[in-house]
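Enquirer: Got a sequence here, can you build the structure:
(2 chains)
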2 protein chains.
Amino acid sequence: MQNCEIIDGKLYAAEVLERVKSKIGHLSTVICKTQRATLGLAVILVGTDAASQIYVNNKAKKAKEIGFNSEVYKFPQTATEQEIIECIERLNSDPNVNGILVQLPLPQHINTQKIIDTVNYEKDVDGFSTYNVGLLNSWQDSLEPCTPQGVLILLHEILGTNISGKKAVILGRSRIVGRPMASILIRKGCSVTSLNSNSYNIKDECRTADILISAVGSPSFIKGDWIKKGACVIDVGIVKVNDKLYGDVDFESVRKVAGFLTPVPGGVGPMTVSCLMLNTIKAAYKQYDIKW
Amino acid sequence: MQNCEIIDGKLYAAEVLERVKSKIGHLSTVICKTQRATLGLAVILVGTDAASQIYVNNKAKKAKEIGFNSEVYKFPQTATEQEIIECIERLNSDPNVNGILVQLPLPQHINTQKIIDTVNYEKDVDGFSTYNVGLLNSWQDSLEPCTPQGVLILLHEILGTNISGKKAVILGRSRIVGRPMASILIRKGCSVTSLNSNSYNIKDECRTADILISAVGSPSFIKGDWIKKGACVIDVGIVKVNDKLYGDVDFESVRKVAGFLTPVPGGVGPMTVSCLMLNTIKAAYKQYDIKW
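Expert: So this is what the prediction gives:
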């Protein structure tokens, strides 16, 4: 049995944060003090969903820890579209706010796309706005969605920066993970297979993967005999069952075959938060027209 | 040996044009006469590339045949970006122009993306602008690039409207064909594999395809033993060698295995022109806010 390397997401996430901190330091010195400006991330939360509250608090806390201003704008479940739009428009024109994040999901009566597209694309640190999606898919410079960006950083750490020609299989086609992940890896020169819940032969498809990325939210769905020997397996799924967190990957059987495997928790999750910080400071550099 | 159905692209392209003509008729009756407006497609050509001249003339001629006004705006090879941009801006604000097409490639000194993005996205009948790419990839209503749109119409004619779960393999990752084709088929629920010139195991990958779409421009590259029995093979490649046109597919060996095959010429090519007309009339309906 070969050794499978368990990827310590927290370690790489901390490295990304260090880079962000140094970038914050540089920008603060060069620009902000002279302009009496601060760097900031604004987070918008609508309603009282427990998970969303936890996510929002984590993001705001992390932002403050590393040197951003961070404010959470809370709206009741009954808030109107217009109220949220007005808040976003104020933040769009606030020079002390470099990144704006709208925590999803939004209540049913709100047009999510409209809200996302109200955020100025240069402050859209989630990378979900129509224009940012267009930039990503036409291979221009964009704010890339945080989770796939974090996965790419892990892949570069594990496999090196040249992953051209490698075969990637992606389970799931969400706007947040699956689709932007496919776009990013196609651009990087990978052969990419996108699977979804209608796909057949999923096991055989997975077996062709040098890089297997799963984002379906189905506990321990992927078994060891789906994995090519030595493959790099990235588990983006996370579901709580009886107070225990599960990924999409059946950890014990897959680790016997894979060459690299991200655990849940402690794999991709921390990378996502770090990449949100990275997007916020990238956005700030762009807004101040400072070379990255 | 089973029978392979050779797909008559001209036939289906003519059907699309009939639909466009009837839509033009309806819109002209309802709106244009009362507003003294006409429906039009503007085509911009820069330089003297022989192939581009032929394409542009074909498009303009077809547009006139079915009832659009169509004007070709010709610029010399030495034209400046600013001259082209000013022309596009005039066309953007001309209510008699519903679609604007910039023939590619543009001369090296011109920023192609900037020119494409100068076209108002609602008149961008090629569907290449950043915003239209964003709409397509975030599953909103968009003007879809003509060639992949034409391929989808063929697939629906051949396989029916429900192609969810089918395995599609796409060779090539261009902005014009490969990438939008992948996006469209992922949205339709297919399992989609995107291959490029760095890919290995291309033959084995192709063999998994229920739908094989090739857009690489490599004459007779794909052989019969790459094809799953009964598969639907769509040949988007077209290259002229010694005055003869070749597709990506080795026609004689592939037709022995495939269930359906598009010829070159007379397959996808005519569909592309028809879909340009379809996009132009779709754009006009949108601009006049008339239900499609």
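Enquirer: make it CA atoms for all contacts and neighbour counts henceforth
Expert: Fine.
Enquirer: My reading is that residue A:258 lies in a helix. Confirm?
Expert: No. Residue A:258: not assigned to a helix; according to DSSP: H, G, I helix; E, B strand; the rest coil it is coil.
Enquirer: Run through the residues that contact it.
Expert: A:4, A:224, A:227, A:228, A:229, A:230, A:231, A:232, A:233 (C-alpha atoms under 8 Å, 6 or more residues apart in numbering or on different chains).
Enquirer: any idea of the pLDDT on it?
Expert: According to the prediction, residue A:258 has pLDDT 98.
Enquirer: you'd agree residue A:191 is up against residue A:165?
Expert: Yes. Counting by C-alpha atoms under 8 Å, a contact exists between residue A:191 and residue A:165, whose distance comes to 6.0 Å.
Enquirer: The one helix or strand residue A:156 maps to: which residues count as buried?
Expert: Taking DSSP states H and E as the criterion, the element that holds residue A:156 is helix A:146-159. Of the residues in helix A:146-159, those buried under the neighbour-count criterion (16 or more other C-alpha atoms under 10 Å in any protein chain shown) are A:146, A:147, A:148, A:149, A:150, A:151, A:152, A:153, A:154, A:155.
Enquirer: got it, and stretch A:284-292?
Expert: Of the residues in stretch A:284-292, those with enough neighbours to count as buried (16+ other C-alpha under 10 Å) are A:284, A:285.
Enquirer: what pLDDT, on average, does that stretch get?
Expert: Taken as a whole, stretch A:284-292 has an average pLDDT of 93.
Enquirer: got the contact list for that stretch?
Expert: With C-alpha under 8 Å, 6+ apart, stretch A:284-292 has contacts from A:27, A:31, A:39, A:98, A:99, A:122, A:282.
Enquirer: tell me the contacts of the nearest residue to residue A:164 once chain neighbours are set aside?
Expert: Nearest residue to residue A:164 in three dimensions, chain neighbours excluded: residue A:189, at 4.2 Å (C-alpha to C-alpha, 6 or more residues apart in numbering or on different chains). Residue A:189 makes contact with A:163, A:164, A:165, A:166, B:196, B:198, B:199 under the criterion C-alpha under 8 Å, 6+ apart.
Enquirer: hmm, 10 Å instead?
Expert: Residues counted as contacts of residue A:189 (C-alpha atoms under 10 Å, 6 or more residues apart in numbering or on different chains) are A:162-167, B:173, B:194-199.
Enquirer: again, but for residue A:41
Expert: A:59-60, A:63-64, A:68-72, A:91, A:96-101, A:123, A:125, A:276-277, A:280-281, A:284.
Enquirer: Work out for me the element whatever residue of the stretch 101-250 of chain A ends up closest to chain B sits within.
Expert: Proximity to chain B, evaluated over the stretch 101-250 of chain A using C-alpha to the nearest C-alpha, is greatest for residue A:134 at 3.4 Å. With elements taken from DSSP H and E, the one containing residue A:134 is helix A:130-137.
Enquirer: Ranking helices and strands of chain A by mean pLDDT, which lands last?
Expert: Across the helices and strands of chain A, mean confidence by mean pLDDT, DSSP states H and E is lowest for helix A:33-35: a mean of 67.
Enquirer: What's the local residue count around residue A:243?
Expert: Residue crowding around residue A:243 was assessed by other C-alpha atoms under 10 Å in any protein chain shown; the count is 7.
Enquirer: Residue A:65 now?
Expert: For residue A:65, which is what you asked about, the neighbour count (other C-alpha under 10 Å) is 12.
Enquirer: And for residue A:39?
Expert: As a burial measure, the neighbour count of residue A:39 was computed by other C-alpha under 10 Å and equals 20.
Enquirer: Ramachandran coordinates for it?
Expert: Comment: the main-chain dihedrals of residue A:39 come out as phi -100, psi 130, following degrees, to the nearest 10.
Enquirer: Does it touch residue A:123 like I think?
Expert: No. Between residue A:39 and residue A:123 there is no contact under C-alpha atoms under 10 Å: 11.9 Å.
Enquirer: list the residues that contact both of those two?
Expert: With contacts defined as C-alpha under 10 Å, 6+ apart, the residues adjacent to both residue A:39 and residue A:123 are A:97, A:98, A:99, A:280, A:284.
Enquirer: Secondary structure added to these, as JSON lines?
Expert: As requested, the shared contacts of residue A:39 and residue A:123 are arranged in JSON lines below (three-state DSSP):
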{"residue": "A:97", "secondary structure": "coil"}
{"residue": "A:98", "secondary structure": "coil"}
{"residue": "A:99", "secondary structure": "strand"}
{"residue": "A:280", "secondary structure": "helix"}
{"residue": "A:284", "secondary structure": "helix"}
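Enquirer: Just checking: what are the partner strands of the helix or strand residue A:44 falls within?
Expert: When elements are defined using DSSP H and E, residue A:44 is found to belong to strand A:40-46. For strand A:40-46, sheet partners with direction are given as strand A:69-75 (parallel), strand A:99-102 (parallel), following DSSP bridges.
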